[in-house]
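**Q** with the input below, show me the fold.
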Amino acid sequence: MKWSELLSKYRAGQEFSDRVRSDLRTEFQKDYHRIIVSASFRRLQDKTQVFPLDKSDFIRTRLTHSLEVASIGRSLAENISRSIRKAKLDPEFDENTESCVISIIESAGLIHDIGNPPFGHFGEESIREWFGRHLPKLRYGKRPVTDFLNPQQMDDLLHFEGNAQGLRVLTKLHFSENGCGMNLTYGLLSAMIKYPNSSVGMKPGSEVVAERKMGFFEAEARVFSDIQRRTGTEGKRNPLVFILEAADDIAYATADIEDALKKGFLGYPELRNELGKRGVDAEYLEILQKAYFRATPGEERRAGEHAIKLWLLRMQDILIVKATEQFVTGYRELMEGRYTKPLLWNSPEAKLLQTLKDIAYDYAFTSQSIFKTEIAANNIINYLLARLVPAALLYRAELPQGLMEEKYLSLVSDNYCRVYRKAVQKLPDDKCIYHRLLLATDTIAGMTDSYARDLYTDLNGITPC
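**A** You can find the predicted model right below:
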């Protein structure tokens, strides 16, 4: 792969993006601005990171998480770019390349979760589970809906994925006057496609990290193929994806510990003991203990919180340095598409990262309060899908709508309906079923946590306390 192709400035709607010719910003700086001012990005402020529908203003949302990933990603991109230039690993990697890489990674951090449905990753699981139970039972007229779907279309629904939905949001669903979504550069879009696979090509248990999930739905196969062709990736992961993935891992592994601390699920004694029991490098445990012992005597609880926060910042620095080393060491493999592992693996730092994830899971993700909110979230998503899917199947269909289908369809965004009409404008009715099902998942995935909850209570006639 070549940087001249990876940093593609091409946009699907070139005629739209070229209107203001006196604009002196780079194309990647324009990308950043488009993201920041977009409604799609703003919605992340009311989407779950870990704790659904949490009332605390301290606990992270998808928006604050995305900002943290962008910040860590920028630091990583700066370290890696300067290290490549200092070591003279690639004559093509000049100062301009460095600037573009930093801009792309920062923007990719902002949009990496933009396709996630309400209630975090649990929302994804709920959508998959609903289609797993109900897709075989759905009917269009007298025939099973599955008769109208090919294997990839069925797997798109059965393995619904926020990463694939993100590409759909950015290239189609985000409102635009040219039908190209947010109309971002292909260099940026390529850098946020973590899994260059379709739903039928993914291998969940694979040792090759890029094969574990899907990165696009069949509906976006053409734009995905065009992105790959213009960036020279052609079935491979863009090397920048590894930087984005490392930034994401560092951000949520450390943030989840801090959020668990603020929720009262975890304190200094528990974290210290768990790090020791799980075999984390003694140096990292010593850093935590030194931070604690520097605190004022008699203020153990406050000292513990302060020590953990300082320690997490220090661990972020350590993980950034290690990820930089791994990228530089594996540079040739990355550029040739032969690098198959995450940047942080098979090292004391990888052990630290995984341990933080495991501790957060054991202390926060399995708490009773999480289970209660996940039960509520599952009820909400199941209820909405059960109403919207049958209604969407009859949108502009040859079969007549019933009274309630028409009313439920009134809840669907006009913009999403326009996207559907454009997608099926030359298709016969029996080829529209897949796109109608996507119309339902687009509607659910585009909701914020609060909107989904409020819609559920409104439709059920529940009066808030």
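
**Q** tell me which other helices or strands the helix ranked longest in the chain touches.
**A** When every helix of the chain is counted residue by residue (DSSP state H), the longest turns out to be helix 300-329. For helix 300-329, the elements it packs on are helix 62-87, helix 239-262, helix 268-277, helix 282-293, helix 348-360, judged by 3 or more Cβ pairs under 8 Å, 6 or more residues apart in numbering; DSSP states H and E. C-beta: built from backbone N, CA, C; applies to glycine.

**Q** just checking, next helix/strand downstream of that helix?
**A** Of the helices and strands lying after helix 300-329 in sequence (DSSP states H and E), the nearest is helix 331-335.

**Q** who's in contact with that next one?
**A** Helix 331-335 is contacted by residues 1, 84, 89-90, 239, 242, 327, 339 when judged by Cβ atoms under 8 Å, 6 or more residues apart in numbering.

**Q** just the CA atoms of that helix, as CSV, please.
**A** Extracted C-alpha coordinates of helix 331-335, given in CSV (Å, rounded to 0.1, in the frame of the first residue of the first chain):
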residue,chain,number,x,y,z
TYR,A,331,5.8,-1.0,9.6
ARG,A,332,6.7,-3.2,6.5
GLU,A,333,4.1,-5.8,7.4
LEU,A,334,1.5,-3.2,8.0
MET,A,335,2.1,-1.5,4.7
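
**Q** hang on, the earlier thing: next, format the contacts of helix 331-335 as JSON lines and append distance to His33, pLDDT and neighbour count.
**A** Shown next, in JSON lines, are the contacts of helix 331-335 (distance: Cβ to Cβ, whole Å; pLDDT from 0 to 100; neighbours: other Cβ atoms under 10 Å):
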{"residue": "Met1", "distance to His33": "27", "pLDDT": "91", "neighbour count": "17"}
{"residue": "Ile84", "distance to His33": "27", "pLDDT": "96", "neighbour count": "19"}
{"residue": "Leu89", "distance to His33": "31", "pLDDT": "95", "neighbour count": "14"}
{"residue": "Asp90", "distance to His33": "29", "pLDDT": "94", "neighbour count": "15"}
{"residue": "Pro239", "distance to His33": "25", "pLDDT": "97", "neighbour count": "23"}
{"residue": "Phe242", "distance to His33": "26", "pLDDT": "97", "neighbour count": "26"}
{"residue": "Phe327", "distance to His33": "28", "pLDDT": "96", "neighbour count": "24"}
{"residue": "Tyr339", "distance to His33": "32", "pLDDT": "94", "neighbour count": "22"}
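
**Q** most packed of the helices and strands packed on helix 300-329?
**A** helix 239-262 (a mean of 24; mean count of other Cβ atoms under 10 Å).

**Q** ok so, going back, give me the buried positions along the longest helix of the chain.
**A** Buried residues in helix 300-329, counting neighbours by 16 or more other Cβ atoms under 10 Å, are found at 303-312, 315-316, 318-320, 322-328.

**Q** list the residues that contact the most centrally placed residue in the chain.
**A** For the chain, the residue nearest the mean C-alpha position is Asp113 (2.6 Å; Cα atoms, centre = their mean). The neighbours of Asp113, taking Cβ under 8 Å, 6+ apart as the test, are 44, 47, 62, 65-66, 162, 166.

**Q** roughly how far out does stretch 259-270 sit from the chain middle?
**A** In terms of Cα atoms, centre = their mean, to the nearest Å, the centre of stretch 259-270 is set 26 Å apart from its chain centre.

**Q** report the buried residues of the helix or strand where Ile227 lies.
**A** Following DSSP H and E, one finds Ile227 within helix 221-231. Residues 223-224, 226-228, 230-231 are the ones in helix 221-231 that count as buried (16+ other Cβ under 10 Å).

**Q** could you dump those to JSON lines with distance to Asn378 and pLDDT?
**A** Shown next, in JSON lines, are those (distance: Cβ to Cβ, whole Å; pLDDT from 0 to 100):
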{"residue": "Val223", "distance to Asn378": "32", "pLDDT": "95"}
{"residue": "Phe224", "distance to Asn378": "30", "pLDDT": "97"}
{"residue": "Asp226", "distance to Asn378": "37", "pLDDT": "96"}
{"residue": "Ile227", "distance to Asn378": "34", "pLDDT": "96"}
{"residue": "Gln228", "distance to Asn378": "36", "pLDDT": "96"}
{"residue": "Arg230", "distance to Asn378": "40", "pLDDT": "96"}
{"residue": "Thr231", "distance to Asn378": "38", "pLDDT": "96"}
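
**Q** of those residues, which is the nearest to Asn197?
**A** When these are compared for distance to Asn197 (Cβ to Cβ), Phe224 comes out closest, at 9.8 Å.

**Q** separation between the closest one and Arg230?
**A** 11 Å (Cβ to Cβ, to the nearest Å).
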